[in-house]
Each structure stands twice: as structure tokens, then as C-alpha cells.
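Chemist: I'd like to go over a predicted model; first the sequence, then the structure.
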Amino acid sequence: MKLWQALKENISFVAVCILIVAALSVISHLAERFLPSRRKVSVSRRVSIVGICGALAAVVHMLDFPLLFLAPEFYKLDFSEVPVLLCGFYLGPSATVACEGVKILLKLLLKGTSTAFVGDFANFVVGCSLVLPATLIYHIRKTRTGAIVGLVAGTMILAVFGSAFNAVYLLPRFSELFGLPLETIVSMGAAIHPGVADVTTFVLWCVAPLNLLKGIIVSVLTLLLYKRVERALFRL
């Protein structure tokens, strides 16, 4: 009931989110057409893999935690993109976006939203900024080097896009949602990093390092796990 109430109260925002999700899905499908080779997997098997990886990602997503020495406590770190990347490396870019979407939907069904969908939407979009480039590059060159290049590129895009997205959209939206002046949010960052003086320095000192750390850890875990998971799970 709480989830349904939140949907009704934020219908216009939810509609925009759906449009953006649809746009990312179309982009990933179009990009997939130009890949050198595509793995042939039955529809039922594809749905099963996306569902399993999405469920795993949702569970990991709900185990998020703050890093108070890097950013204020409302910024939390999670490694839910690892199952999403495992799925994308095996199936391709469109499956990556689908898996990221399944993750968010399951999280909403299991835990609901405490941010009127703003945080959930941000997690999806920022997550895609990591997993989509990484998956695309890996599928252009399916080697360990290709995987490393893709993950490094995804991490860089995550850091840059995540910071810009926070500055331009997320922080103002949270300020409006919770009636918290941007100056107060900036002061929370300044209490951790003396160099924080405005929104720009807030994202440079707090958001960018957190996103870089997440990208690095997720990338390392993906490199360590992918071949093992591919043999043990995907090829059953």
C-alpha cells in the first residue's frame, strides 16, 4: 500500500523515469545490432538468467552501507552491479539494462521506497552508466583485456556522470523532497572534507571518490567471478 501511495503521489516523476528506462533499453538494443558476434540463447533461458541475476542484485543492493569518512550517511555504497555485469558479460548490453531494471523493481517490491523513487531512479541511471559501457566494450572484444578496458571505461564514466548527475539533478531533487536547503547538504560534506564549499566541490570531494571506489571494487569482483560463474551457472 505504501508503494502504491508513493506511485500515485509521484506519477509525473514515475512517468519520466519509465521514458528514460525505455530510452536506455532502445539504445542498448540498437547498439547490440552492431556487435561483431551475439550469443544465441533461447528466450526462456535469457529470461531465467536475467531474473536470477536481477534477484541476486536486488539482495546485494539492500545490503548497502554508508562510508562516513567519504560522504554523508545518506550516500550508501553497494555492489549490486556485480551480478548485473555478470549477466551483461554473458548475454549482452540489452540484458544488462533489463537486469538493472529487475533489480530496482524487486527492491521496490521487497523494501519500498524512502525517497519517493528519486534514489531508486538515480541508482538505476548511475548503475547503467557503469554497466552499459563496460558490457558494450567487452562484447566488441571478448578477451580479458577487453573486459579490463570496458570496466575501466565504465568506472570513469560512472565517476564523471555520477558526479554531474548529483550536481545537476539529484541534490536539488533531494533538497526539494526533504525540505533540506542545499547549503545544509554542503555543510554536511564540509564536516567531512574541509575543501567542500559548494555543490561543485561537494560532488568532487564526496560523490566522485565514492563512485570511483564502487567502480573499482565492482570491476575487480567481476573480473574474479565472471569465468567461474559462466562455467558454473550460465552453461548448465
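Modeler: Received, thanks.
Chemist: list the residues that contact Ser28.
Modeler: Listed by CB atoms under 8 Å, 6 or more residues apart in numbering, the contact partners of Ser28 are Pro93, Ser94, Thr96, Val97, Leu132. Just so you know, the C-beta spots here come from the backbone N, C-alpha and C atoms, and that holds for glycine as well.
Chemist: shouldn't the last one be in contact with Leu24?
Modeler: Yes - using CB atoms under 8 Å as the test, Leu132 is close enough to Leu24 to be in contact (7.3 Å).
Chemist: determine the residues that are contacts of both of the two.
Modeler: With CB under 8 Å, 6+ apart, Leu132 and Leu24 have common neighbours Val97.
Chemist: quick one: the helices in this structure?
Modeler: In the chain, the helices defined using DSSP state H lie at 2-9, 11-32, 43-61, 81-91, 93-111, 118-140, 144-165, 171-178, 182-190, 199-202, 208-229.
Chemist: tell me the most buried of those helices?
Modeler: Among the helices of the chain, ranked by average contacts under mean count of other CB atoms under 10 Å, first place goes to helix 81-91 (a mean of 28).
Chemist: list the helices and strands it packs on?
Modeler: When contacts are defined as 3 or more CB pairs under 8 Å, 6 or more residues apart in numbering; DSSP states H and E, helix 81-91 packs onto helix 43-61, helix 93-111, helix 118-140, helix 208-229.
Chemist: from the chain's centroid, how far away is the longest one?
Modeler: Put simply, helix 118-140 sits 5 Å off its chain's centre (CA atoms, centre = their mean, to the nearest Å).
Chemist: average model confidence for it?
Modeler: Averaged over helix 118-140, pLDDT sits at 91.
Chemist: that one vs helix 43-61, what angle?
Modeler: Counting by axes from the mean of the first three to the mean of the last three CA atoms, to 10 degrees, helix 118-140 points 130 degrees away from the direction of helix 43-61.
Chemist: and the contacts of Ser28, which two are furthest apart?
Modeler: Farthest-apart pair in the contacts of Ser28 is Ser94 and Leu132; separation 9.7 Å (CB to CB).
Chemist: quick one: contacts for Thr155?
Modeler: So Thr155 contacts Leu130, Leu212, Gly215, Ile216, Val218, Ser219 (CB under 8 Å, 6+ apart).
Chemist: among the residues you listed, which one lies nearest to Ala15?
Modeler: Nearest to Ala15 out of the contacts of Thr155 is Leu130 (CB to CB; 25.3 Å).
Chemist: thinking the closest one is in contact with Ala159, fair?
Modeler: No - at 9.3 Å, Leu130 does not count as touching Ala159 under the criterion of CB under 8 Å.
Chemist: tell me how many other residues crowd the closest residue to Ala167 other than its chain neighbours.
Modeler: Residue nearest to Ala167 in three dimensions, not counting chain neighbours: Val203, with 4.8 Å by CB to CB, 6 or more residues apart in numbering. When neighbours are defined as other CB atoms under 10 Å, Val203 has 25 of them.
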